[in-house]
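Visitor: Got a predicted structure here, sequence first:
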Amino acid sequence: MNFPESSENKKLIERLEKSVQDGRISHAYLFEASPNTDTMAFAKAFVKGILCPAELSPDGRGENCGRCELCSKIDHDNHEDILYIAKDGNSIKDEAIIAMQEHLKVKPVMDRNVTVIFDSGSMTLRAQNRLLKTLEEPLGNAVMILFAENMENLVDTIRSRCVKYRINSGTGKSSRKASNLRAKAADIVDMSLRGEPYYKIRSLIPMGKLSNEEAIKLLDEMELVYRNIIIDNSSEEVPLYDFDRLYDGIYTVEHTKNEIRSNVSVKYALGNLILKLDR
Ligand SMILES: [Zn+2]
């Protein structure tokens, strides 16, 4: 499949390709993607992967066809089986989901009806409830692909019915300093989950040099790292990490933020944090 930004999302793309090749296609996918992700390009690559006969044949599998009639129709947004839903003003309204239900009733020209919902987190509660009803019904071969900046904006009952993934996208406008903090946060979480010794993890953090504000930013990034691992973890057949440990990590990070906000010294608070995480 011809995905954009493939270097950053190598693992995710491999998983998607493998599941399509194995014929394990789910009814509903939820991709969490940051605002600078080209979700349309991503959606089209995935939909082609699911529908393109060349991609599915033993010879063409995994390759980017992009040449057959179906792929060309997808590129030109005129494939009958695919419905794209986007925000109308600030939100996705109930009417859009009603249209989606109508779309799903029509027999597809090819094998499947596909619906792609961009900014699904902006669905009104009413729209979400309607979508949930659809997800609860037998969907035949239909596939729903949801994108959201933050999947927490969707009701839990929708999230739990979707196969969830996260799309990484370039740091874009964010400064080098911010991406340094992000990399540090990832290292700290990773090393503490692997049970590396305290002094080794501590040496990653320039304790004396971090302002309160920077320390909070580092903690925010750590929280994001944990959240992302939780998302990845729930799409693994055998989870890599113990969920309790991950949620404990988030709790500990939150607690440390509060300490720093109430003027506990950064050095003390972060030192304590590492001790707690590195049990
Ligand atoms: Zn094709």
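Guide: Received, thanks. Residues are numbered from 1 along each chain as shown.
Visitor: What parts of the stretch 1-150 of the chain come near the ion?
Guide: 52, 54, 65, 68, 71 (C-beta under 5 Å from the ion). Bear in mind the C-beta positions are built from the backbone N, C-alpha and C, glycine included.
Visitor: Show me where the stretch 51-200 of the chain has its helices.
Guide: 53-56, 69-75, 94-105, 125-136, 156-159, 176-193, 198-202 (DSSP state H, counting those that start in this stretch).
Visitor: The residues of the stretch 1-150 of the chain next to the ion: which two are farthest apart?
Guide: For these, the farthest-apart pair by C-beta to C-beta is 54 and 71; their separation is 7.8 Å.
Visitor: Compare those two (neighbour count), which wins?
Guide: It is residue 71, of residue 54 and residue 71, that has more neighbours when counted by other C-beta atoms under 10 Å, with 22 against 17.
Visitor: my guess is that one meets residue 48, correct?
Guide: Yes: contact between residue 71 and residue 48 holds when scored by C-beta atoms under 8 Å: they sit 5.3 Å apart.
Visitor: what's the overlap in contacts for these two?
Guide: The contact sets of residue 71 and residue 48 overlap at residue 65 (C-beta atoms under 8 Å, 6 or more residues apart in numbering).
Visitor: least trustworthy helix or strand in this protein by mean pLDDT?
Guide: Lowest by mean pLDDT, DSSP states H and E among the helices and strands of the chain is helix 53-56, with a mean of 66.
Visitor: quick one: low-confidence ranges for this structure?
Guide: Of all residues in the chain, those with pLDDT under 70 make up the ranges 4-7, 54-64, 66, 170-179.
Visitor: quick one: terminal-to-terminal distance for stretch 157-164?
Guide: In stretch 157-164, first residue to last residue: 13 Å (C-alpha to C-alpha, to the nearest Å).
Visitor: Leaving out the residues flanking it, which one is nearest to residue 167?
Guide: Excluding its sequence neighbours, the residue lying closest to residue 167 (C-beta to C-beta, 6 or more residues apart in numbering) is residue 33, at 4.1 Å.
Visitor: Please report how far that neighbour lies from residue 43.
Guide: According to C-beta to C-beta, to the nearest Å, residue 33 and residue 43 sit 10 Å apart.
Visitor: any common contacting residues for those two?
Guide: residue 147.
Visitor: Run a quick neighbour tally on residue 267.
Guide: The local packing of residue 267 (other C-beta under 10 Å) involves 13 other residues.
Visitor: and the strand or helix carrying it, what other elements does it pack with?
Guide: Secondary-structure assignment from DSSP states H and E places residue 267 in helix 266-277. Packing partners of helix 266-277 (3 or more C-beta pairs under 8 Å, 6 or more residues apart in numbering; DSSP states H and E): helix 176-193, helix 198-202, helix 212-235, helix 243-261.
Visitor: Who does the residue nearest the centre of the chain form a beta bridge with?
Guide: Of all residues in the chain, the one closest to the mean position by C-alpha atoms, centre = their mean is residue 166, 2.0 Å from it. Each beta-bridge partner of residue 166 is listed here, defined by DSSP bridges: residue 32.
Visitor: Identify the residues contacting it.
Guide: Residues in contact with residue 166 (C-beta under 8 Å, 6+ apart) are 12, 31, 32, 33, 228, 231, 232.
Visitor: Is it possible to get those residues out as a markdown table so that each row also shows neighbour count?
Guide: As requested, the contacts of residue 166 are exported to a markdown table (neighbours: other C-beta atoms under 10 Å):
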| residue | neighbour count |
| --- | --- |
| 12 | 19 |
| 31 | 24 |
| 32 | 23 |
| 33 | 21 |
| 228 | 15 |
| 231 | 17 |
| 232 | 18 |
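Visitor: farthest-separated two in the residues you listed?
Guide: Across the contacts of residue 166, no pair lies farther apart than 33 and 232, at 14.1 Å, counting by C-beta to C-beta.
Visitor: Please export the C-alpha coordinates of the helix or strand harbouring residue 30 as PDB.
Guide: Per DSSP H and E, residue 30 falls inside strand 28-33. Extracted in PDB, the C-alpha atoms of strand 28-33 (Å, rounded to 0.1, in the frame of the first residue of the first chain):
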ATOM      1  CA  ALA A  28     -14.300  -0.300  12.100                       C
ATOM      2  CA  TYR A  29     -11.000   1.400  12.500                       C
ATOM      3  CA  LEU A  30     -10.100   4.500  14.600                       C
ATOM      4  CA  PHE A  31      -6.900   6.300  13.800                       C
ATOM      5  CA  GLU A  32      -5.700   9.000  16.100                       C
ATOM      6  CA  ALA A  33      -3.700  11.500  14.100                       C
END
